[in-house]
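Undergrad: Take a look and give me a structure for this.
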Amino acid sequence: MTETAFIHRFEPAGDAGSPPLLLLHGTGGDENDLLGLGQMISPGSALLSPRGRVLEHGMPRFFRRLAEGVFDEEDVARRANELGDFVAEARQRYGIAAPIAVGFSNGANIAAALLLLQPDVLAGAILLRAMVPLSDPPKAALGGKPVLLLSGHGDPIVPASNSPRLAALFTEAGARVTHKVLPAGHQLSQADVTLARDWIGNAESRAA
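TA: All right, here's what the predicted structure looks like:
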C-alpha cells in the first residue's frame with residue numbers, strides 16, 4: 001500500500017519539542033475535522049490527519065460496522081493495520097516521531113485497535129468516546145505508553161460498562177491509563193479540550 005492511499009492533511013510542527021499528533025475523525029468527518037482540536041490541545045505539534053477510507057451512506061469512516069455499536073471486527077483489524085502502514089510511511093515522508101493518536105468516536109475506536117495490534121506505531125493516545133474495538137484482542141505489550149480515555153456519562157452510543165472495560169484492557173497491556181467520565185454525551189465538550197491539553201502537557205514534561 002502506498003502512503004497516498006489515504007487522503008490526508010499534514011501540518012508541520014511549529015515547535016520541535018511538541019509531540020506529533022495523529023488526528024482521527026468520527027463518522028462523517030474528514031481530514032480537516034480535528035485540525036482545530038489538535039491546535040488547541042497541543043499548539044506547535046505536527047498534525048497528521050487522514051480521511052477514513054470506508055463509506056457508510058456516503059460518510060467517511062475508518063472501518064465497517066454491522067449496526068450502531070456492532071463492529072465488523074475482521075474489517076477493524078485490516079483497516080487498523082492499513083492505518084499503521086500509512087503512519088509508518090508518513091513518518092518517513094514528513095520526518096516525524098511516533099505520534100500520539102487523538103481520536104473521536106470512530107476515530108478513537110480505530111486508534112484503540114491500532115494500539116492493540118501495532119503497539120510500536122503510536123507513542124500514546126487520547127481516546128474521546130471510544131469503545132472496545134475487538135472482542136478478542138491480541139495480547140499487546142504497551143510498555144507504559146500513556147493513554148487518556150475520556151467518556152461521556154450520558155453517551156447514548158457507548159454503553160456505560162464499555163469504557164471501563166477498555167481502560168482495564170489497556171491497563172492489563174501495560175499502558176499508563178487515565179480514564180475520566182465527564183458530564184457529557186457523545187459530543188465533545190470544553191472539558192475534553194482542557195483535559196487533553198493538560199494531559200499532553202504533563203506527558204511532555206514527563207518525557208523531558
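Undergrad: Flag every buried residue along stretch 21-38.
TA: Neighbour counts over stretch 21-38 (16 or more other C-beta atoms under 10 Å) mark 21-27, 29-31, 33-35, 37-38 as buried. Where you see a C-beta, it was placed from the backbone N, CA and C, and this is true even at glycine.
Undergrad: try stretch 5-19
TA: For stretch 5-19, by 16+ other C-beta under 10 Å, it's 6, 8-9, 11, 13, 18-19.
Undergrad: try stretch 74-92
TA: Going by 16+ other C-beta under 10 Å, stretch 74-92 has these buried residues: 75-77, 79-87, 89-91.
Undergrad: Can you tell me the centre-most residue of the protein?
TA: Gly103 (3.2 Å; C-alpha atoms, centre = their mean).
Undergrad: hey, where'd the helices end up in this protein?
TA: 35-41, 73-94, 106-117, 162-172, 190-207 (DSSP state H).
Undergrad: Please enumerate residues in contact with the last one?
TA: Spelled out, that is helix 190-207. For helix 190-207, the surrounding residues in contact (C-beta atoms under 8 Å, 6 or more residues apart in numbering) are 17-19, 37, 40-42, 100, 102, 124, 126, 128, 146, 148, 150, 178, 180, 182-184.
Undergrad: Give me the subset of those residues lying in strands.
TA: 100, 102, 124, 126, 128, 146, 148, 150, 178, 180, 182 (DSSP state E).
Undergrad: filter the residues you listed to the buried ones?
TA: Of the ones in strands among the contacts of helix 190-207, these count as buried by 16+ other C-beta under 10 Å: 100, 102, 124, 126, 128, 146, 148, 150, 178, 182.
Undergrad: circling back: out of the ones in strands among the contacts of helix 190-207, which one sits closest to Ala167?
TA: Thr178 (8.8 Å; C-beta to C-beta).
Undergrad: Does the closest one touch Leu148 like I think?
TA: Yes. Assessed by C-beta atoms under 8 Å, Thr178 is found in contact with Leu148 at 5.0 Å.
Undergrad: what residue ranges in this structure score low on pLDDT?
TA: Scanning the chain with the threshold set as pLDDT under 70 gives 1-4, 204-208.
Undergrad: Would you mind giving both backbone torsions of the closest residue to Asp75 other than its chain neighbours?
TA: In space, Asp75 comes closest to Arg64 once its chain neighbours are excluded; the distance is 4.3 Å by C-beta to C-beta, 6 or more residues apart in numbering. Main-chain torsions, Arg64, degrees, to the nearest 10: phi -80, psi 150.
Undergrad: Provide a list of residues in contact with Arg64.
TA: If you count contacts by C-beta under 8 Å, 6+ apart, Arg64 has them with 54, 56, 71-72, 75.
Undergrad: 7 Å instead?
TA: For Arg64, the contact set (C-beta atoms under 7 Å, 6 or more residues apart in numbering) comprises 54, 72, 75.
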